[in-house]
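> Let's see this in three dimensions:
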Amino acid sequence: MKNKYEFHFWTLETECINGLTEVLLFFLQKRNADEPLYDQKKISKIYNKFQEQAGNFTCVFKRLKIFNDGFDVDVSHIMSLYSTLNLDIELLTDVTEGVMDCIKFATCKPLNKMTLTPPIVQRAMTFLKCEAKQRVASCVKNDVRKMQHKFDLDALGKVEAGNEADMGDKMMAIMWGDFTK
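Predicted coordinates for the structure are as follows:
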């Protein structure tokens, strides 16, 4: 005689197999070619939800004053935010260069035509992602500059007067190359 656990397992296994069979039969049924995959109601619901989310995105970033009314990056506001943080001048310079590079990148990057995302939102998202990465890179570069004494930099050659910031770029390139092995 089977114990009660074996019986429950057998029942559970049978129910799972029957359920899986029903699911497989559903997907293997031939679809009527005259029926649309998505009807107007479903497409409209998806599109409206997407537009609502895009509207929320634009509204939030306009209120944060990251973008102006024309939905262009408000560089002066972003720079004023960074200037209130009392950053080292080198770090502030790197962050500023990063923001400017990201504006150029966002305006030059081709738009994805296979999406419902409005072009304004695509450019904004491109800028925000780029700026976040540039900000991190600038902070890491600043940390590397501060720890410059822990590196044996003789292999890089003599640094010319006025090109000390170039050394930070060289050290970042070396570290990046080492991490990507």
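> Pull the contacting residues for Val99.
Contacts here follow Cβ atoms under 8 Å, 6 or more residues apart in numbering; on that basis Val99 touches Val73, Val75, Ile78, Met79, Glu131, Gln134. In short, each C-beta sits where N, CA and C put it, glycine included.
> If any of the residues you listed are buried, put those into a ChimeraX selection.
A single ChimeraX command is used to select the members of these judged buried by 16 or more other Cβ atoms under 10 Å:
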select :73,78,131,134
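> want to try CSV for the contacts of Val99, with pLDDT as columns?
Listed next are these as CSV, based on pLDDT from 0 to 100:
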residue, pLDDT
Val73, 83
Val75, 85
Ile78, 87
Met79, 88
Glu131, 92
Gln134, 91
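> In TSV: the contacts of Val99, plus distance to Leu64.
Formatted as TSV, the contacts of Val99 follow (distance: Cβ to Cβ, whole Å):
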residue	distance to Leu64
Val73	12
Val75	14
Ile78	10
Met79	14
Glu131	13
Gln134	18
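> Let's have the contacts of Val99 in JSON lines, adding secondary structure and distance to Met175.
Output for the contacts of Val99, formatted as JSON lines (DSSP: H, G, I helix; E, B strand; the rest coil; distance: Cβ to Cβ, whole Å):
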{"residue": "Val73", "secondary structure": "strand", "distance to Met175": "29"}
{"residue": "Val75", "secondary structure": "helix", "distance to Met175": "29"}
{"residue": "Ile78", "secondary structure": "helix", "distance to Met175": "27"}
{"residue": "Met79", "secondary structure": "helix", "distance to Met175": "28"}
{"residue": "Glu131", "secondary structure": "helix", "distance to Met175": "22"}
{"residue": "Gln134", "secondary structure": "helix", "distance to Met175": "17"}
